[in-house]
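Chemist: Here's a sequence, model it:
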Amino acid sequence: MDSKNFSAAPPGRRAMLTNAIRSGLALAIGVIAGGAQSSAQAQTGQPQASILHIAINVADMERTTRFYTEAFGFTASPPITPDGQAARIFGLPTPIEVKARFLSLGSVRVLVRQFDKPKYAGPARDLPVIYPGWGDIALRVGDLEQVLGKVRRLGGTVLENTRTLEGTPDKPGPEVVFVTDPDGARVELVSF
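Modeler: Numbers count the residues shown, from 1 in each chain. As a prediction, the model looks like this:
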């Protein structure tokens, strides 16, 4: 969303977007690819919108890259340098310094951004999952215990109290557990 559209958004939407940006996590998606068509797409044959990428702001781009590539199998692009319009796009005062790269998993691309100027210098936050804004990214994993071991080794935290076996005794479902990355962003792991 560019700064012009952000300014034109209703105050409630601006607050929600600001909260999502401040939380450093813009990752949860309801439907990624191959989902239901919107009514506009069904009528015109053209999608009204499609996902380009999801962005996450991080304290240390290299640490985050290592976490997501080694724990979950994302592939990393070379670092990219935003152009001179980045400050305007983000609605920040100039000058800014930001590092970025894409992490890809299947058709999903996550843009990892490290802002060095201005730099967030406050404490890490553990925002309740009920706050408005993006909540988490959900990943399907095969060997849950192996992935959880990697999460711990790479500086993430396993939220053991969230571990749940869904379904019923007659019809067991997947095992679900939340973890956080080294910056505290939530990742939902679902093992089928």
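Chemist: Poorly predicted segments of this protein, please.
Modeler: Within the chain, the ranges that satisfy pLDDT under 70 run 1-44, 123-126.
Chemist: Now do the strands in it.
Modeler: Using DSSP state E, the strands of the chain run over 54-57, 75-76, 97-105, 108-117, 137-141, 157-167, 172-180, 186-191.
Chemist: could I get the ones you listed as TSV with mean neighbour count and distance to residue 127?
Modeler: In short, each C-beta sits where N, CA and C put it, glycine included. Listed next are the strands of the chain as TSV, based on neighbours: other Cβ atoms under 10 Å; distance: least, Cβ to Cβ, whole Å:
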stretch	mean neighbour count	distance to residue 127
strand 54-57	21	13
strand 75-76	14	26
strand 97-105	18	22
strand 108-117	18	18
strand 137-141	18	15
strand 157-167	13	13
strand 172-180	17	11
strand 186-191	20	9
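Chemist: Using CSV, please lay out those together with distance to residue 128.
Modeler: As requested, the strands of the chain are exported to CSV (distance: least, Cβ to Cβ, whole Å):
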stretch, distance to residue 128
strand 54-57, 18
strand 75-76, 30
strand 97-105, 26
strand 108-117, 23
strand 137-141, 17
strand 157-167, 13
strand 172-180, 12
strand 186-191, 10
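Chemist: out of those strands, nearest to residue 129?
Modeler: Using Cβ to Cβ as the measure, strand 186-191 is the one of those that comes nearest residue 129, at 6.8 Å.
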